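> sequence first, predicted model second:
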Amino acid sequence: MPVYHHLMWTPELLGEEYQGPIDGVRPLDYPETYGYLTELRCVMIAENRLYQSYFDSHKICQACYATASEEQKSEYGIVAPHCLVHKNSANCQTGCTFCNKCIITIKPAHECSGCIEKYLHTSKAYFDEGWGAPVFNRRAEE
């Protein structure tokens with residue numbers, strides 16, 4: 001689940017406004033609109049910080065990052081604490097590459113209102129390519 005894609009549609013950067021899903025809507029009741037959402041996962045980090053390699057999907061916990069050499073640290077970037085990703089990108093990535101400690105929790109995206117909102121405003125092509133879309137709480141953005 002790469003952290004950022006330079007072509008990712010981000011309304012905040014484009015100065016556009018958008019509305020989230022209607023409260024009370026159950027995505028599973030509207031397969032024509034939300035069908036692809038069942039292929040996506042809500043991914044949240046289990047601690048304060050998580051780092052991912054710039055070159056592959058390896059992720060390390062904060063403790064392993066702190067003990068890494070400066071050269072190793074330069075190969076990792078911070079992962080957004082909450083992301084929407086395709087289920088194929090989320091599989092087998094819950095543990096730290098170095099110590100195997102559980103660093104990520106995964107649940108179906110249709111159970112998360114933030115992921116539903118992000119789904120409505122992100123192209124399926126990004127998820128199909130393995131990219132993740134960071135999910136931000138609108139209150140935190142304002």
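Looks like it arrived, so ask away.
> does the most centrally placed residue in the chain count as helix, strand or coil?
In the chain, the residue lying closest to the centroid (Cα atoms, centre = their mean) is C83, at 1.8 Å. Under DSSP: H, G, I helix; E, B strand; the rest coil, the three-state class of C83 is strand.
> roughly how far does it sit from I106?
10 Å (Cβ to Cβ, to the nearest Å). Where you see a C-beta, it was placed from the backbone N, CA and C, and this is true even at glycine.
> and what of P81?
P81 is 14 Å from I106, by Cβ to Cβ.
> contacts only, for the nearest residue to G130 once chain neighbours are set aside.
Once flanking residues are discounted, G130 sits nearest to S89: 4.8 Å by Cβ to Cβ, 6 or more residues apart in numbering. S89 sits next to M1, S57, F127, G130, W131, G132 when contact means Cβ atoms under 8 Å, 6 or more residues apart in numbering.
> farthest pair in those?
S57 and F127 (14.6 Å; Cβ to Cβ).
> out of the two, which sits in the busier spot?
Counted by other Cβ atoms under 10 Å, S57 and F127 do not tie: F127 has more neighbours, with 24 against 14.
> next structured bit after the strand or helix carrying the more buried one?
Assessed by DSSP states H and E, F127 sits inside helix 124-128. The helix or strand immediately downstream of helix 124-128 is strand 133-134, counting by DSSP H and E.
> that following strand pairs with which strands, parallel or anti?
strand 82-86 (antiparallel) (DSSP bridges).
> compute the number of surrounding residues for the residue nearest to K87 when sequence neighbours are not counted.
Spatial nearest neighbour of K87, excluding adjacent residues (Cβ to Cβ, 6+ apart): R41 at 5.1 Å. Look at R41: counted by other Cβ under 10 Å, it has 26 neighbours.
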